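S.K.: Give the three-dimensional model of this entry:
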Amino acid sequence: MDGHTQSDGPDDGGERHDHGEGATEAARLRRLHRATREMVSRERVDAIADIATNAAADVLGFELNSVREYDEETERLVPLAAADRTVAVAGERRAYDRGETVQWEAFDAREARVYQDAGAIDDDVDRPGGGSVLIVPLGDDGVLTLGTFEQEGIDEADVELARVLAANVQTAFERARRIRLLKRREDSLAAVEERLDRFASLVAHEFRNPLAIAAGHLELTVPRDPDDEHSLEAARDAVDRMDRLTESILDLTSQRGLTDGTEKVTVGYVARSVWDDYAPGPATLECDSELTVTADRKRLTTLFENLFDNAVGVGGPSVTVTVRAREGGPGFVVADDGPGFDADDPTELFQYGATVEAAGTGLGLALVRDIAEAHGWTVDVASSDDGATFVFCTDGDEDHAAGTTR
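M.R.: Residues are numbered from 1 along each chain as shown. Now for the predicted structure:
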């Protein structure tokens, strides 16, 4: 027992309102449809439950009704809303523990339950006055309970309309949960972006200045013997690596969008320009692609910088890098003749921190992936004894003849 002299109106039963003079099942369905439109416009489950209780009273004719939500953590059926008549007759509703009431039978079976004699129900709720009770599960969400003081007062049409209402409540609940989840994700992403902005500012101000000072002192240091020269060279390499790492971190924190919009650019032209600036010693670039893509020129430049840095870092100073159009569809390929890499799943190389070279930062290929995705492209990677191959699929772009924007 819950200590009440009456239970939920729907559990007790109550005086049944007439469905309305001349009301047809089609008219009731139309009214249910209007109530459904109102429910799916709400973003809170308690607001949806309030509309459902009103519809149960006004459309189905059950002035005594309630909506309960299943709380997975507490294993209880918790009241979300109850019709005004229910509260007037039985007071504020309480939560039902598992197995305490017949609501649990309907919920666990996921089937509607009709009790034409409420006084004969054997559970822990008092139902003086008898009547009839209809309980309809809301899928995994809870139960809808309807009642009348009249015994044998529930017919098949009531059951069918109650099922329609319950299904519509489920749909509205699911939509509200999706909206709530999306908002939480948006809030979480906004918080992450704020932290990234702060981190980028920290890197820009706190990393670059000491690195510049260290590099300046190294340039001014005069070696006294060959051992000193070796140590200075190691220090310069370390500073250079820290500088590359700093640039990669700043690039990563700015990859939430494209920088200056997009334009038609020639892939081969950008690749050759990056290679000329990169000047990686005896390494060779073979590039015959006049393919054009819609891209952010600055981001595409960063993409090639990281791919070339990866190729030389893994393949050595004499590596040959090839840039060509993708066969079988729009896109381009960047391949090298280095030793490739040993990985069960090559796509893991695109994860932050993954690196195939001892001096790698673990950020370059992650940045390549982020730039590709920012453009709506996909990137795949394969490795063999002949080297590594990165394939960029740029569906939606069209090949254009040379002479377009470079």
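S.K.: For the stretch 1-150 of the chain, give me the ranges with low pLDDT.
M.R.: For the stretch 1-150 of the chain, applying pLDDT under 70 flags the ranges 1-23, 127-129.
S.K.: mind listing the strands in it by residue range?
M.R.: 64-71, 76-82, 96-97, 113-115, 132-137, 142-148 (DSSP state E, counting those that start in this stretch).
S.K.: Show me what the one helix or strand Val274 maps to packs onto, helices and strands only.
M.R.: Val274 belongs to helix 267-278 when elements are defined using DSSP states H and E. Applying 3 or more Cβ pairs under 8 Å, 6 or more residues apart in numbering; DSSP states H and E, one finds that helix 267-278 makes contact with strand 284-287, helix 297-315, strand 320-325. The C-beta positions use only the backbone N, C-alpha and C, and glycine is treated the same way.
S.K.: Quick check: mean pLDDT of the second one?
M.R.: Mean per-residue pLDDT for helix 297-315: 86.
S.K.: Next, the buried residues of it.
M.R.: Neighbour-count burial for helix 297-315 flags 297, 299-315 (criterion: 16 or more other Cβ atoms under 10 Å).
S.K.: Isn't Gly142 up against Ser66?
M.R.: No. In this structure Gly142 lies outside contact range of Ser66 using Cβ atoms under 8 Å: 9.9 Å.
S.K.: higher neighbour count, those two?
M.R.: Ser66 (30 against 26; other Cβ atoms under 10 Å).
S.K.: ok, Arg113 - contacts?
M.R.: The neighbourhood of Arg113, defined by Cβ atoms under 8 Å, 6 or more residues apart in numbering, consists of 102, 105-106, 133-135.
S.K.: what's the closest of the strands of the stretch 1-150 of the chain to Ala27?
M.R.: strand 142-148 (19.0 Å; Cβ to Cβ).
S.K.: List the strands paired with that closest one, with their directions.
M.R.: strand 64-71 (antiparallel), strand 132-137 (antiparallel) (DSSP bridges).
S.K.: mind checking which of the helices and strands packed on helix 267-278 is nearest Asp380?
M.R.: With Cβ to Cβ as the measure, helix 297-315 is the member of those nearest Asp380 (13.5 Å).
S.K.: quick revisit: the strands paired with strand 142-148: which one's closest to Trp377?
M.R.: Nearest to Trp377, of all those, is strand 64-71, at 43.7 Å by Cβ to Cβ.
S.K.: Okay, angle between the helix or strand where Phe390 lies and strand 320-325 too, please.
M.R.: Using DSSP H and E, Phe390 sits in strand 387-393. Strand 387-393 and strand 320-325 are oriented at 20 degrees to each other (axes from the mean of the first three to the mean of the last three Cα atoms, to 10 degrees).
S.K.: averaged over its residues, what pLDDT does strand 387-393 have?
M.R.: Per-residue scores along strand 387-393 average to 91.
S.K.: Looks like Thr266 contacts Cys287 (just checking).
M.R.: No. Using Cβ under 8 Å, Thr266 makes no contact with Cys287, being 10.4 Å away.
S.K.: Look at these two and report which has more neighbours.
M.R.: Thr266 (21 against 18).
S.K.: Excluding sequence neighbours, find me the nearest residue to Gly315.
M.R.: Gly338 (2.4 Å; Cβ to Cβ, 6 or more residues apart in numbering).
S.K.: secondary structure class for the residue nearest the centre of the chain?
M.R.: In the chain, the centroid-proximal residue (Cα atoms, centre = their mean) is Arg185; its distance is 6.7 Å. Secondary structure, DSSP: H, G, I helix; E, B strand; the rest coil: Arg185 is helix.
S.K.: Would you indicate which residues of stretch 274-293 are buried?
M.R.: 274-275, 280, 283, 285, 287, 289-293.
S.K.: Straight-line length of that stretch, end to end?
M.R.: Stretch 274-293 has an end-to-end distance of 17 Å (Cα to Cα, to the nearest Å).
S.K.: model confidence over that stretch, on average?
M.R.: Rounded mean pLDDT across stretch 274-293 is 83.
S.K.: So for the helix or strand where Glu194 lies, mean pLDDT?
M.R.: In this assignment (DSSP H and E), Glu194 forms part of helix 156-202. Per-residue pLDDT over helix 156-202 has a mean of 85.
S.K.: Might you calculate how far that helix sits from the centre of the chain?
M.R.: 11 Å (Cα atoms, centre = their mean, to the nearest Å).
S.K.: which secondary structure elements does that helix contact?
M.R.: helix 25-40, helix 45-58, strand 132-137, strand 142-148, helix 226-253.
S.K.: Repeat the analysis, applying 6 Å as the threshold.
M.R.: When contacts are defined as 3 or more Cβ pairs under 6 Å, 6 or more residues apart in numbering; DSSP states H and E, helix 156-202 packs onto helix 25-40, helix 45-58, strand 132-137, helix 226-253.
S.K.: Asp50 - nearest residue in space that isn't next to it in sequence?
M.R.: Ala81 (4.7 Å).
S.K.: distance of that neighbour from Thr101?
M.R.: 17 Å (Cβ to Cβ, to the nearest Å).
S.K.: For the residue nearest to Asp50, list the residues it contacts.
M.R.: Ala81 makes contacts with 49-50, 53, 67, as judged by Cβ atoms under 6 Å, 6 or more residues apart in numbering.
S.K.: can you count the residues close to Ala27?
M.R.: Neighbours of Ala27 (other Cβ under 10 Å): 13.
S.K.: Tell me the spacing between it and Val59.
M.R.: Distance, Ala27 to Val59, by Cβ to Cβ: 9 Å.
S.K.: And for Asp296?
M.R.: Going from Asp296 to Val59 by Cβ to Cβ gives 55 Å.
S.K.: Check Arg180 too.
M.R.: Note on Arg180: its distance to Val59, by Cβ to Cβ, is 27 Å.
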